[in-house]
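[1] task: produce atomic coordinates for the following.
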Amino acid sequence: MKFQDEFDNSIDVAANIISVCPVCHRKLHSAGLEDKKDMLLTLLEVRKKRLIDVKVKITDRQLLEFYN
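    This is a model prediction of the structure:
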């Protein structure tokens, strides 16, 4: 939600919510980019169509910048 201003449409949508285990959650918020890059790109790939359907456009590069 911190980056909402970067998007034309709301990112507060179900398509932008993913459940992860506590270990993965900590990794996404605390690990260095190289340690979480593959996970982030996989999660984006899984959700990309749903995000497009709700008009949330994000590139791999943008996502990695947000989590860097």
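[2] can you name the residues that contact V13?
    Counting by Cβ atoms under 8 Å, 6 or more residues apart in numbering, V13 touches 54, 56. C-beta: built from backbone N, CA, C; applies to glycine.
[3] and the helices in this protein?
    Counting by DSSP state H, the chain has helices at residues 22-30, 33-53, 60-66.
[4] may I see the buried residues of the longest one?
    Of the residues in helix 33-53, those with enough neighbours to count as buried (16 or more other Cβ atoms under 10 Å) are 36-37, 40, 43-44, 47-48, 51.
[5] ok, those residues vs L28, which is closest?
    The closest of the buried residues of helix 33-53 to L28 turns out to be K36 (Cβ to Cβ; 5.7 Å).
[6] so the closest one touches V23, yeah?
    No. K36 is beyond contact range of V23, at 11.6 Å (criterion: Cβ atoms under 8 Å).
[7] what's the burial count for V56?
    Using other Cβ atoms under 10 Å, V56 has 19 other residues around it.
[8] correct me if wrong: it contacts E6.
    No. Using Cβ under 8 Å, V56 makes no contact with E6, being 10.5 Å away.
[9] that older thread, adding pLDDT and distance to Y67, write the buried residues of helix 33-53 out as TSV.
    Formatted as TSV, those follow (pLDDT from 0 to 100; distance: Cβ to Cβ, whole Å):
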residue	pLDDT	distance to Y67
K36	96	7
K37	97	8
L40	96	6
L43	96	10
L44	96	10
R47	94	14
K48	94	16
L51	95	16
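[10] out of the residues you listed, the closest to F66 would be?
    Looking across the buried residues of helix 33-53 and measuring by Cβ to Cβ, the closest to F66 is L40, at 9.0 Å.
[11] cheers, nothing more for now.
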